[in-house]
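In: fold the following and give me the result.
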Amino acid sequence: MQPIAFRSHRFGAASRRRVRACLGFIATALTASSSSAATIQAPLGYLTAHGPRAATILDLTYGTLAISCLVSVIIAGLLVWAILRRRPDRDRTDPKALAVARTGGGLPWIYVGVGLSTVALFGAAAWTMVVLRAVATPATTPTLTVEITGKQWWWEVRYLDEDHARTFTTANEIHIPVGVPVAFRLKSEDVIHSFWVPALHGKTDVIPGQTNTTWLQADRPGVYRGQCTEYCGKQHAHMGFVVVAESSEAFARWYQNQLAPAPPPAGDLAEAQKTFAAKCGACHAVRGSLVGGRLGPDLSHLKSRRTLAAGTLPNTPGHLGAWIADPQHFKPGAKMPRLDISGPELARVQTYLATLD
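Out: Below is the predicted model:
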């Protein structure tokens, strides 16, 4: 890409630096957004709905969009008509005519415009109230509750059950059964976040010191992208997640697999687990092992997840090794530090993580 040349004398050195900084920021933002979308491989669009809650919201979206377009067309038409309409010849030839004069006839336009605007606004407000009531609670009581905790910059996902033995924690990937509502409890550990899966439901803020509730339902199997939509810091754009909607049978198999503890290490794997505990155990947990850190994501069954670092990287051996070696390269400002880890140690850590499927 060729540098931009500023030839006008009005651009000083400071101005050129500011403009180039703005262009660089825009390019970085676009690159980050496109790479995140490519990694998660699921569209982040709100003009399609795959659940009853999203469908109700989508109807209101199209309705208000149609009203807005109609108002814009009417205003533009009236403006063009006012510009092009011809004045009577008398106004231009009469020497006694004032350059600016009250000609009358304007008040009816104001009365009609205010009346129509009032009707449209009250109609939109009433429709909005109806939609809010419709999406407030699901048609049937959810039997599955998921607790989401927003952190800088990833999502802790905890499946709750009255039987504590069936409660477990994962990260950044939410599995739900198709065709039934799922309840969500939303909390934050640090700053305000916002939980949004546009194809399934509307936005809900995630606020420190407060538990908000929401629900969603998917009508068909699929992978739906979610995103934090409240600016929460340097890596806000890389705080994504996915919702995997699957049949009841597939969800039950996944749930049961998540409850399984890590395999007991033996032979070379025991040494690999020791290296993992020494290098990663202070922050990460693996169920069924002696590693129980709480600062970072729970890595139990890590290999079953689609992405790393909240949708920033695909979950492949190469990307996993690069992420462990230098997380600040991919996600500057993240709380995971660059580890003082040798090549052999990195290989052993990867060997152990490869068993967590």
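
In: now do Arg220 against Ile176, distance only.
Out: Plainly put, Arg220 is 12 Å away from Ile176 if you go by C-beta to C-beta, to the nearest Å. Placement of C-beta: from N, CA and C, glycine included.

In: actually Tyr159, sorry about that
Out: Per C-beta to C-beta, Tyr159 is found 10 Å from Ile176.

In: between the two, which contacts overlap?
Out: The overlap between the contact sets of Tyr159 and Ile176 (C-beta atoms under 8 Å, 6 or more residues apart in numbering) consists of 144, 146.

In: okay, the two: which has more neighbours?
Out: The residue with more neighbours, out of Tyr159 and Ile176 and counting by other C-beta atoms under 10 Å, is Ile176; that gives 22 against 18.

In: hmm, that one is touching Val243, no?
Out: Yes - the pair Ile176 / Val243 is scored as a contact, 6.3 Å apart, by C-beta atoms under 8 Å.

In: which neighbours do these two have in common?
Out: Counting by C-beta under 8 Å, 6+ apart, the residues touching both Ile176 and Val243 are 216, 218.

In: which stretches in the stretch 101-250 of the chain count as strands?
Out: 145-151, 154-160, 168-171, 173-177, 182-188, 193-196, 204-206, 212-216, 222-228, 240-246 (DSSP state E, counting those that start in this stretch).

In: closest one to Thr275 among the ones you listed?
Out: Evaluated with C-beta to C-beta, the strands of the stretch 101-250 of the chain place strand 168-171 nearest to Thr275, the distance being 21.7 Å.

In: which residues touch Met239?
Out: Neighbour list for Met239: 150, 152-155, 193, 227-228, 232, 310-311 [criterion: C-beta under 8 Å, 6+ apart].

In: of these, closest to Ile67?
Out: Of all the contacts of Met239, Gln227 has the smallest distance to Ile67: 27.4 Å, by C-beta to C-beta.

In: residue nearest the centroid of the chain?
Out: Gln227 (1.2 Å; C-alpha atoms, centre = their mean).

In: in the sheet, who's paired with that one?
Out: Assessed by DSSP bridges, Gln227 has beta-bridge partners Trp196, Gly240.

In: give me the pLDDT for it.
Out: pLDDT, Gln227: 94.

In: lowest mean pLDDT among the helices and strands, pick that one out for the chain.
Out: Of all helical and strand segments in the chain, the minimum by mean pLDDT, DSSP states H and E falls on helix 13-40, at a mean of 42.

In: so for the helix or strand following that helix, mean pLDDT?
Out: With elements assigned by DSSP states H and E, the helix or strand that comes after helix 13-40 is helix 52-84. Averaged across helix 52-84, the pLDDT comes to 88.
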